[in-house]
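S.K.: this one's sequence-less:
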């Protein structure tokens, strides 16, 4: 198994994550380029049944242990460190998601192997691995070479189409028994569900979504008024939620909701990868931002370079006038 | 509880960024350094813990441009001590920073032992590693990241940590101290401190300067090129004065049956 391409098969609360399938597509390309097999690594407790969904891989390494029942980063990193040292894959692809990102931090730190993070693409160039990474909130793209006999790659969501990796099949499943500590220094205790009662932003036809460009909490009213007229609701990017200007239930992106409204009006949102992840599937995306270079304009269908605080009331007035 | 907060400067990405003459890094001319946003949250979380459980908070930063402002601001917000690591030569990769800090922290009286080391997780330039887990491994501590809340009782030797997943779901973890936590967001927004108070702190407070150590590890990846991303798709831009643009937006909404 030495020299193979590995994908960490992320699953959470009983389901294989979409990003796992994206990584399987990318992993398959790399394995093709290097002329080696693609293997998925499935860690969990009673999760072996998910292996059947990982048909894009030739084989699945399955570790079943009570300490792996939930994605406890320390337990996961401990298990993966043993596997990597024993089998020496060429590369381990890890999803850059909230579930797996800590593993991505801990594992290379523990094994002192190279990490390339924020990869939006990875390729084989002259037999070596080269990654294209999005840094500075998506404003710069860096090409890096990743030397080393075993490397870890943190892959951003959206690197490939998940649908292509969703290949059912019967990959050969290799059970690996590992001696892992029953209780480590980091212990999963429970899940805390979000407070109910607020509107569900995933069910809205129109979202007027506010970002840093809205400037103040009072200005959120400007978005509320327009959203109300259009029969929609207000959502937000992380900085607005972190300021406490809107509840967590309104957050779009990696940590929040994935939304697919008919119209997504991104008002003063720069378009960092972790936000784009949650809204790129919207039918029409209209972005308003002061910065003509903002990455949001790469995903939006329509764009306006301007100040949302000035433009939102004008759009609201125009809609009111039309409605009479 | 004694808490150490690591604060790092990053370029403000609200400003336009340019690639430097080497084609591999940012042009320093165009950078306005600000403290990494999540490190501000790490500081806030530390101050909240101190208010609830007592103890001390120390802020530590590498002595790069504007680090003094950041550290005086931290003191003005309620930190007990500010430490800067002097003698930093040029930009360092995250692996190098972690290697350096793993030598400096144990060597400075009062910095070790800390019960908790808090830092922001995922700085925007953490290309080759994250300082939290790198440091945790080198100091033999556990690490948990994407943290949005920390609960503690004095003398328990553990903390209860809220970790963020998606869709607003959080996981609660018990973490044995000492530990390193990567903060995604503090329980409350970072507190505001008036400029006048920061200025007063600059007169009355002091920043301890400690010497840097040479990192004994370098980044294992090499940057071949940096450039502005070429957009795969590009929005159709609506041009014109504000009223004109508003009218075009209205047309767009009407065409989709939304008005």
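M.R.: On my side now, so go ahead. These numbers were taken from a predicted model, which means no experiment stands behind them.
S.K.: Where does residue B:258 sit: helix, strand or coil?
M.R.: Recorded secondary structure, residue B:258: coil (DSSP: H, G, I helix; E, B strand; the rest coil).
S.K.: While we're on it, how confident is the model there?
M.R.: pLDDT for residue B:258: 92.
S.K.: number of nearby residues for it?
M.R.: Neighbour count of residue B:258, defined by other Cβ atoms under 10 Å in any protein chain shown: 18. For every residue, glycine as well, the C-beta is placed using N, CA and C.
S.K.: Check chain B and tell me which residue is nearest its centre.
M.R.: The structure's chain B has its C-alpha centroid closest to residue B:39; by Cα atoms, centre = their mean the separation is 2.8 Å.
S.K.: What residues does it make contact with?
M.R.: Applying Cβ atoms under 8 Å, 6 or more residues apart in numbering or on different chains, we find residue B:39 in contact with B:5, B:6, B:7, B:8, B:119, B:120, B:123, B:183.
S.K.: Narrow the residues you listed to those in strands?
M.R.: B:5, B:6, B:7, B:119, B:120, B:183 (DSSP state E).
S.K.: what two of those have the greatest distance between them?
M.R.: B:7 and B:183 (11.4 Å; Cβ to Cβ).
S.K.: Compare those two (neighbour count), which wins?
M.R.: residue B:183 (28 against 25).
S.K.: Can you spell out which residues form a bridge with that one?
M.R.: Beta bridges link residue B:183 to residue B:120, residue B:147 when assigned by DSSP bridges.
S.K.: which residues touch it?
M.R.: Counted by Cβ under 8 Å, 6+ apart, residue B:183 has contacts B:38, B:39, B:41, B:42, B:45, B:118, B:119, B:120, B:121, B:147, B:148.
S.K.: Check for me that the first one belongs to a helix.
M.R.: Yes - the assignment for residue B:38 (three-state DSSP) places it in a helix.
S.K.: Setting aside sequence neighbours, what's the nearest residue to it?
M.R.: Ranked by Cβ to Cβ, 6 or more residues apart in numbering or on different chains and with sequence neighbours excluded, the top spatial neighbour of residue B:38 is residue B:120, at 2.6 Å.
S.K.: what residues are up against the one you found?
M.R.: Taking Cβ under 8 Å, 6+ apart as the contact definition, residue B:120 lies against B:8, B:36, B:37, B:38, B:39, B:40, B:41, B:42, B:182, B:183, B:184.
S.K.: Neighbour-wise, which one of these leads?
M.R.: Neighbour-wise, the contacts of residue B:120 (other Cβ under 10 Å) top out at residue B:42, 31 neighbours.
S.K.: tell me which element it is part of?
M.R.: Assigned by DSSP states H and E, residue B:42 belongs to helix B:37-53.
S.K.: Name every sheet partner of the following helix or strand past that helix and say whether each one runs parallel or antiparallel.
M.R.: Counting by DSSP H and E, the element after helix B:37-53 in chain order, helix or strand, is strand B:56-62. Sheet pairing of strand B:56-62 (DSSP bridges) gives strand B:2-7 (parallel), strand B:81-86 (parallel).
S.K.: So, low pLDDT: which residues of chain B?
M.R.: Chain B contains residues with pLDDT under 70 at B:231-233.
S.K.: returning to that earlier point: of all the contacts of residue B:120, which two lie farthest apart?
M.R.: Between any two of the contacts of residue B:120 (Cβ to Cβ), the greatest distance is 15.2 Å, for B:8 and B:184.
S.K.: what's next to stretch A:168-186, contact-wise?
M.R.: With contacts defined as Cβ under 8 Å, 6+ apart, stretch A:168-186 is touched by A:40, A:48, A:51-68, A:72-75, A:78-79, A:82-83, B:142-144, B:173-176, B:179.
S.K.: So which of these are in helices?
M.R.: Residues of the contacts of stretch A:168-186 located in helices (DSSP state H): A:73, A:74, A:75, A:78, A:79, A:82, A:83.
S.K.: Name the nearest residue to the residue nearest to the centre of chain B, ignoring sequence neighbours.
M.R.: Per Cβ to Cβ, 6+ apart, closest to residue B:39 is residue B:120, 4.1 Å.
S.K.: Tell me which helix or strand residue A:110 sits in.
M.R.: Under the criterion of DSSP H and E, residue A:110 resides in helix A:101-111.
S.K.: Who are the packing partners of the helix or strand just after that helix?
M.R.: Using DSSP H and E, the next helix or strand after helix A:101-111 towards the C-terminus is strand A:115-125. In terms of contacts (3 or more Cβ pairs under 8 Å, 6 or more residues apart in numbering or on different chains; DSSP states H and E), strand A:115-125 is packed against helix A:18-34, helix A:101-111, strand A:128-135, strand A:140-145, strand A:151-155.
S.K.: again, only using 7 Å
M.R.: Counting by 3 or more Cβ pairs under 7 Å, 6 or more residues apart in numbering or on different chains; DSSP states H and E, the packing neighbours recorded for strand A:115-125 are helix A:18-34, strand A:128-135, strand A:151-155.
S.K.: With mean pLDDT and mean neighbour count added, can I get those in TSV?
M.R.: Below are the helices and strands packed on strand A:115-125 laid out as TSV (pLDDT from 0 to 100; neighbours: other Cβ atoms under 10 Å in any protein chain shown):
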stretch	mean pLDDT	mean neighbour count
helix A:18-34	97	22
strand A:128-135	96	21
strand A:151-155	98	27
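S.K.: and residue B:158, how many neighbours?
M.R.: 16.
S.K.: beta partners for it?
M.R.: residue B:176.
S.K.: residues near residue A:191, how many?
M.R.: Quick note: residue A:191 (other Cβ under 10 Å) scores 12 neighbours.
S.K.: An error on my part: the question was meant for residue B:150.
M.R.: Per other Cβ under 10 Å, the neighbour tally for residue B:150 reads 26.
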